[in-house]
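Visitor: Next input, structure requested:
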Amino acid sequence: IDNCLNFYLHHWPDLFRQQVRMSPLTFTTLLSILRPLPYFNTNSQVPQLALEKQLLLTLKWLGSYGNSTSLANLAQWGGVGEGTVDKVIRRVLKAVIESSLRERHVFWPTSGSRRREKAKEMVAEKVIDGWRGGWCMIDGTLVPLHSKPHYFGEWFLDRKSNYLVNVQVCDRCILYVFR
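Guide: Down below sits the predicted model:
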């Protein structure tokens with residue numbers, strides 16, 4: 001984790017991206033958005049792990065699959081205990097889900113909005129002009145899940161027995177995450 005923060009982040013962006021599936025610029029932008037949130041500013045006697053390390057551990061977990069997602073593996077990579085890894089991941093995900101981040105960055109574009117019209121233009125230009133009205137289902141990225149989701153788990157199962165979510169992105173904004 002120290003190599004990621006001290007060397008890859010500043011000198012080797014490709015290695016940084018390989019480790020945490022995010023560019024250094026996006027990482028530092030996300031840090032600046034998360035830093036003022038109350039989840040990371042507590043008055044506890046025990047200081048939290050640096051936000052940079054919390055975010056790196058969470059991104060490493062999100063970008064891993066299978067055995068590499070184990071708490072033991074992430075704890076070794078991060079130089080912390082397994083319990084810390086668990087708390088950190090829960091804290092970062094809670095901050096993203098419960099804060100205003102979700103309302104600002106994960107949504108369906110409203111009818112007539114510039115984003116929706118831009119997505120329709122992209123469909124007409126890059127796919128087939130006749131499909132211009134299909135603005136939300138062009139292409140996406142399948143993100144494998146480590147295990148079956150507790151709620152509606154079978155909805156996430158694909159034909160090859162993998163649990164996945166499909167992320168649709170347009171104009172640098174997550175339009176929707178679904179299966």
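Visitor: List the buried residues in the helix or strand where Arg90 lies.
Guide: Using DSSP states H and E, Arg90 maps to helix 82-98. Buried residues in helix 82-98, defined by neighbour count with 16 or more other CB atoms under 10 Å: Thr84, Val85, Val88, Ile89, Arg91, Val92, Ala95, Val96. C-beta: built from backbone N, CA, C; applies to glycine.
Visitor: any idea how far the fifth one lies from Trp61?
Guide: Spelled out, it's Arg91. 12 Å (CB to CB, to the nearest Å).
Visitor: in the protein, which spans are helices?
Guide: In the chain, the helices defined using DSSP state H lie at 2-3, 9-11, 13-20, 24-34, 51-62, 71-78, 82-98, 100-105, 114-126.
Visitor: out of those helices, deepest packed?
Guide: helix 51-62 (a mean of 22; mean count of other CB atoms under 10 Å).
Visitor: Please tell me how far that one is from the chain's geometric centre.
Guide: 10 Å (CA atoms, centre = their mean, to the nearest Å).
Visitor: Give me the contact list for it.
Guide: The contact list for helix 51-62, computed with CB atoms under 8 Å, 6 or more residues apart in numbering, reads 1, 4-5, 19-22, 27, 30-31, 34-35, 40, 48-49, 69, 74, 77-78, 80, 85, 88-89, 91-93.
Visitor: okay, stretch 30-44 in CSV with CA atoms only?
Guide: Extracted in CSV, the C-alpha atoms of stretch 30-44 (Å, rounded to 0.1, in the frame of the first residue of the first chain):
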residue,chain,number,x,y,z
LEU,A,30,-12.5,11.1,-5.0
LEU,A,31,-10.3,11.8,-1.9
SER,A,32,-11.1,15.5,-2.0
ILE,A,33,-14.8,14.6,-2.2
LEU,A,34,-14.7,12.1,0.7
ARG,A,35,-12.4,14.0,3.0
PRO,A,36,-15.0,16.5,4.5
LEU,A,37,-17.6,13.7,5.1
PRO,A,38,-18.3,13.0,8.8
TYR,A,39,-17.5,9.3,8.4
PHE,A,40,-13.8,10.2,8.3
ASN,A,41,-13.7,13.0,10.8
THR,A,42,-14.4,11.5,14.2
ASN,A,43,-13.4,12.7,17.7
SER,A,44,-12.3,9.3,18.8
